[in-house]
Structure formats: C-alpha cells, structure tokens
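1. Quick one, fold the following:
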Amino acid sequence: MADQEKQIIVTLDVMLAKRKMRSKELAQHIGISVQNVSLLKSGKVKGIRFQTLTKICDVLDCQPGDILRFE
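-> Presented below is the predicted three-dimensional model:
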C-alpha cells in the first residue's frame, strides 16, 4: 500500500461563489493583484501569508478552513 502525499487544496473559488464576489473585487478589498487571486484560486502558489489569509477571511466572513482543505 503506497502512501499518497497529502496536500492543501484551495477552495477559494467556492467561497467567492457563495459570497457572490468576483476575484477583482476580492483583490481590491485585500490589496493584492487579480493575478495573485487567480493563482491562489488555482492552487498554484506554494504558500500564503497569514496576513493575506486574515484579510481574505475578514472580507469573505469565513474561517481559514472554509477556503483551505487538507487531503
């Protein structure tokens, strides 16, 4: 039985849809580029600053676990 490497899955797109918010609007609220929001949504980033995560959660009124999943 081979061990599969676990990873963090970003579900930011789901939360944006639930809040009926576009990436551009989120980017403006948290002070990062739309391109960086897109990279976050696609999971193509290696990390995220706690400060950025805090701003995202504040704007979307959610918890980190609502946009990040470990599997």
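2. Which residues in the host helix or strand of residue 17 does the neighbour count mark as buried?
-> Element membership of residue 17, judged by DSSP states H and E, is helix 12-18. Across helix 12-18, burial judged by 16 or more other Cβ atoms under 10 Å covers 12, 13, 15, 16. For the C-beta atoms, the positions are set from N, CA and C on the backbone; glycine is no exception.
3. of all the residues you listed, which two lie farthest apart?
-> The most widely separated members of the buried residues of helix 12-18 are 13 and 15, with 7.5 Å between them, by Cβ to Cβ.
4. For residue 66, give its distance to residue 10.
-> Residue 66 sits 11 Å away from residue 10, going by Cβ to Cβ, to the nearest Å.
5. residues shared between the contacts of those two?
-> Shared contacts of residue 66 and residue 10, defined by Cβ atoms under 8 Å, 6 or more residues apart in numbering, are not found at any residue.
6. the more surrounded of these two?
-> Between residue 66 and residue 10, residue 10 has the larger neighbour count (other Cβ atoms under 10 Å), namely 19 against 16.
7. Which residues lie in contact with the more buried one in this structure?
-> By Cβ under 8 Å, 6+ apart, the residues touching residue 10 are 40, 41, 42, 43, 45, 67, 68, 69.
8. Which of the residues you listed fall in strands?
-> 68, 69 (DSSP state E).
9. Just give me the closest of the contacts of residue 10 to residue 31.
-> Residue 31 has its nearest neighbour among the contacts of residue 10 in residue 40, at 13.5 Å by Cβ to Cβ.
10. Next one: the closest one relative to residue 4, how far apart?
-> Distance from residue 40 to residue 4, by Cβ to Cβ: 24 Å.
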